[in-house]
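> Following is a predicted model, sequence given first.
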Amino acid sequence: MREDNLEETIKNVLQREVSDEVFHIEGLEERIVTELAGQLPKSSPLEALKRLLAPTRGARLGQLAVIGATAAVFLVLGVFLAGRLPFLEGNPRVTVTPSGNEVLFIMPAIGAQSVTVVGSFNAWEATPLSDENGDGIWTKSISLPPGRYEYAFVIDGRWWGQDPLADEYVRSFGEYNSVRYVGLAGDGA
Amino acid sequence: MKYLMKVFLLMLAMGLMLSGGITLAAVSAADVNQALQALHLTNADEIMEAFEIGFSQGRLQPEGALHLVKRLSAAEGSPSDKEAILLTIAHALEDDLSVSTLVNTVEEGLARSVPLLVILNGSGGQPLILGLVQRECLLGTVRDLLYSKRIFSAPEGAQAASTSLSLRRFDALVTNIADALGDYLEGDGNPYDGFLLYQAMSTRLRNQSSAESVIPAGESIIPAEDVDLVLDRIEPGDLTPTVLKVLNQS
């Protein structure tokens, strides 16, 4: 119902009250509200939902409430399923890693197009390093549980296994790999 | 109506993300079996049976096994070499050995595009390369050495003797000692120098144990008491015969 309709309705009610000579202040408000309620359109559930989602201030709050509630339902469902489904038990992808240590991998490679790190922590699948400011220093921080990790950098497709920051070096398939021991104190031996 | 669509799309996206996450996490033995069967191997069933032993013992995770089989499937090389690699890992599991080193060796070799036969059998030239067969042999001889020094593994809750370790702790010792000796050999170390072999072993164990008291999902952390036990019972003279068994097989 629009605002000018509202005013019109109130004026009509007042005119009727006067013409019927029943006008008195007591109960007037109730009579106007009853009249207004009678003129409100009867809406279906779908129309009610559409009004909730209409771009008014109140309805936007309604939208947020609906989205929030939906997200909460999915989250609760996800947590519940992750904890209950037997095939997820013991799977490392859904196990929280205890005391992960952030290990910073740094490789100076000026002019390189791509630098990745491969190692025993990622099944020797490439994890890319980035050089945000273009200064030729490529970096990547990876969270690793305590342990010993062999790795090498791959710079534009060429393997480089002698990281100056490594704790030791080993030969593997005739080439060098770097090794880091990750412990309680974080990165390092 | 536009807003209604937006909300439904959001709900759909959240639902897909959630179900996608669950699906990604849910690698099962059946998935591994399916990938193995797709390789059309002669001994796929035997390999799968051994893998299932590994899954039940926690020595192999379905996710890791699936990754390995798929990577092997995509690699260049003959099906018989691929099967030989998988059979070596399967035999190690049947022989009650930890296979983390073996799986890691294959993954690294494939990432380096090393020929499958070199991954399997290594190379006796210069530099020396230990393949899967030698690494498996080394695991077995180190395990036997620990047994001969009365260091055993026992089921959880049944470690009556002080030298009976849990399977995870025993595996960590075997894996790290074998790795240290193997790396020493691949680094042109002299197999007849028992003191240097002993030093390589003790350095590895001490470094590993520096991260003790935090027990991750892996098998690489060794309590200091286990290191002391090994260094107390194994002598430099024990190590040369151990590595020579492997080198004689090359």
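That came through fine. Treat the numbers as computed from the prediction; the structure is a model and nothing was measured.

> helix or strand right after the helix-or-strand element of chain A with minimal mean pLDDT?
Using mean pLDDT, DSSP states H and E, helix A:57-84 stands out as the lowest-scoring helix or strand of chain A, at a mean of 56. Sequence order places strand A:101-108 as the next helix or strand after helix A:57-84, per DSSP states H and E.

> Please list the outside residues in contact with the helix or strand that that next one is followed by.
The C-terminal neighbour of strand A:101-108 among helices and strands, as given by DSSP H and E, is strand A:115-119. By Cβ atoms under 8 Å, 6 or more residues apart in numbering or on different chains, the surrounding residues in contact with strand A:115-119 are A:105, A:107, A:109, A:124-129, A:131, A:138, A:140, A:142, A:149-156, A:177, B:111. Using the backbone N, CA and C atoms, a C-beta is placed for each residue, glycine as well.

> How about stretch B:223-241?
Outside stretch B:223-241, the residues touching it (Cβ under 8 Å, 6+ apart) are B:145-146, B:149-151, B:163, B:165, B:169, B:172-173, B:177, B:181, B:191-195, B:197-198, B:201-202, B:205-206, B:208-209, B:212.

> what about 6 Å?
The list of residues contacting stretch B:223-241 from outside it, by Cβ atoms under 6 Å, 6 or more residues apart in numbering or on different chains, reads B:149, B:169, B:173, B:192, B:194-195, B:197-198, B:202, B:205, B:209, B:212.

> ok, now stretch B:100-111?
Here stretch B:100-111 makes contact (Cβ under 6 Å, 6+ apart) with A:118, A:120, A:123-124, B:68, B:71, B:75, B:85, B:89, B:92, B:119, B:132, B:135, B:175, B:179.

> Restricting to C-alpha, output it in CSV.
Output in CSV follows, covering the C-alpha atoms of stretch B:100-111 (Å, rounded to 0.1, in the frame of the first residue of the first chain):
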residue,chain,number,x,y,z
SER,B,100,56.7,-44.2,3.0
THR,B,101,60.3,-44.1,1.6
LEU,B,102,59.5,-46.3,-1.3
VAL,B,103,56.4,-44.2,-2.3
ASN,B,104,58.4,-41.0,-1.9
THR,B,105,61.2,-42.4,-4.1
VAL,B,106,58.7,-43.3,-6.9
GLU,B,107,57.0,-39.9,-6.7
GLU,B,108,60.3,-38.1,-6.9
GLY,B,109,61.6,-40.2,-9.7
LEU,B,110,58.4,-39.6,-11.7
ALA,B,111,58.6,-35.9,-11.0
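
> mean confidence for it?
Taken as a whole, stretch B:100-111 has an average pLDDT of 98.

> on that earlier part again, just the ones in strands from the contacts of stretch B:100-111, please.
Assignment to strands by DSSP state E places the following of the contacts of stretch B:100-111 there: A:V118.

> Which of the contacts of stretch B:100-111 sits closest to B:E49?
Closest to B:E49 out of those is B:I89 (12.6 Å), distances taken as Cβ to Cβ.

> residues in contact with the closest one?
Taking Cβ under 6 Å, 6+ apart, we find B:I89 in contact with B:99, B:102.

> and what of B:S113?
Listed by Cβ under 6 Å, 6+ apart, the contact set of B:S113 is empty.

> go on, the one 10 residues further on?
Under the criterion of Cβ under 6 Å, 6+ apart, the contact partners of B:S123 comprise B:I129.

> does it have beta-bridge partners, and which?
Per DSSP bridges, the residues bridged to B:S123 are B:I129.

> and A:R148, helix, strand or coil?
Recorded secondary structure, A:R148: strand (DSSP: H, G, I helix; E, B strand; the rest coil).

> What's the per-residue pLDDT of it here?
Reading off the per-residue confidence, A:R148 sits at a pLDDT of 91.

> Count the neighbours of it for me.
Here the neighbour count serves as a burial measure; for A:R148 (other Cβ atoms under 10 Å in any protein chain shown) it reads 23.

> wait, doesn't it sit right on A:Y181?
Yes: taking contact to mean Cβ atoms under 6 Å, the distance of 5.4 Å between A:R148 and A:Y181 places them in contact.

> Just the ones of the contacts of stretch B:100-111 in helices?
Secondary-structure check on the contacts of stretch B:100-111 using DSSP state H: residues within helices are B:68, B:71, B:85, B:89, B:92, B:119, B:132, B:135, B:175, B:179.

> List the residues that contact the first one.
Counting by Cβ under 6 Å, 6+ apart, B:L68 makes contact with B:V103.

> at 10 Å what do you get?
Contacts were defined as Cβ atoms under 10 Å, 6 or more residues apart in numbering or on different chains; by that measure B:L68 touches A:123, B:32, B:35, B:51, B:60, B:85-86, B:89, B:99, B:102-104, B:106-107, B:110.

> that older thread, could you identify the most distant pair in the contacts of stretch B:223-241?
When Cβ to Cβ is used, the two most widely separated members of those are B:Y192 and B:E212, lying 32.7 Å apart.

> Tell me which of these two has more neighbours.
More crowded of B:Y192 and B:E212, by other Cβ under 10 Å: B:E212, with 17 against 10.

> ok, B:E76 to B:L116 distance?
8 Å (Cβ to Cβ, to the nearest Å).

> Between those two, which is the more surrounded one?
Remark: of B:E76 and B:L116, B:L116 carries more neighbours, 22 against 9, as counted by other Cβ under 10 Å.

> distance of that one from B:S78?
Using Cβ to Cβ, we find B:L116 at a distance of 7 Å from B:S78.

> Equivalent analysis for B:F195, please.
As defined by Cβ to Cβ, B:F195 lies at a distance of 43 Å from B:S78.
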